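> Got a predicted structure here, sequence first:
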Amino acid sequence: MTQSRSKKQPLRIAIDAMGGDYAPGEIVKGAVEAAKELEVEITLVGHTPEVEKELEDEGYEFVRKRRRTYVKVVKR
């Protein structure tokens, strides 16, 4: 018997945080909203200091998984 993904672990999605006219600010905000509403795990890929600053400015905690590679949104 197989379990559904939601019972095992959330779906993981990687997002280019630097792609777009209003990046990384709007990308980070949208990713955080998606993580909360859809119960998915979001990995933001981009220039780490800029992404971290956006997360900190919005009051979010995060985990840096690899140096200068990506950050993962944890919670607000």
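Looks like it arrived, so ask away.

> now the helices: where do they sit in the protein?
5-8, 25-38, 48-57 (DSSP state H).

> mean confidence score for the first one?
It stands for helix 5-8. For helix 5-8, mean pLDDT is 60.

> on that earlier part again, how about the helices of the chain in CSV, adding mean neighbour count and distance to residue 17?
C-beta coordinates here come from the backbone N, C-alpha and C atoms, glycine included. Shown next, in CSV, are those (neighbours: other CB atoms under 10 Å; distance: least, CB to CB, whole Å):
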stretch, mean neighbour count, distance to residue 17
helix 5-8, 9, 24
helix 25-38, 16, 5
helix 48-57, 17, 5
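
> now for these, which one comes closest to residue 14?
helix 25-38 (10.0 Å; CB to CB).

> how big is the angle separating that closest one from helix 48-57?
60 degrees (axes from the mean of the first three to the mean of the last three CA atoms, to 10 degrees).

> Number the residues from 110 up from this point.
Right, with 110 as the first residue, what we last looked at is helix 134-147.

> pLDDT on helix 134-147, on average?
Rounded mean pLDDT across helix 134-147 is 86.

> same question, stretch 159-179
Mean predicted lDDT for stretch 159-179 stands at 72.

> if I pick residue 140, what's in contact with it?
Residue 140 is in contact with 124, 126, 151, 153, 182, counting by CB atoms under 8 Å, 6 or more residues apart in numbering.

> The residue lying closest to it once chain neighbours are set aside: neighbour count?
In space, residue 140 comes closest to residue 151 once its chain neighbours are excluded; the distance is 4.6 Å by CB to CB, 6 or more residues apart in numbering. When neighbours are defined as other CB atoms under 10 Å, residue 151 has 23 of them.

> Same question for the one 4 residues further on.
Look at residue 155: counted by other CB under 10 Å, it has 20 neighbours.
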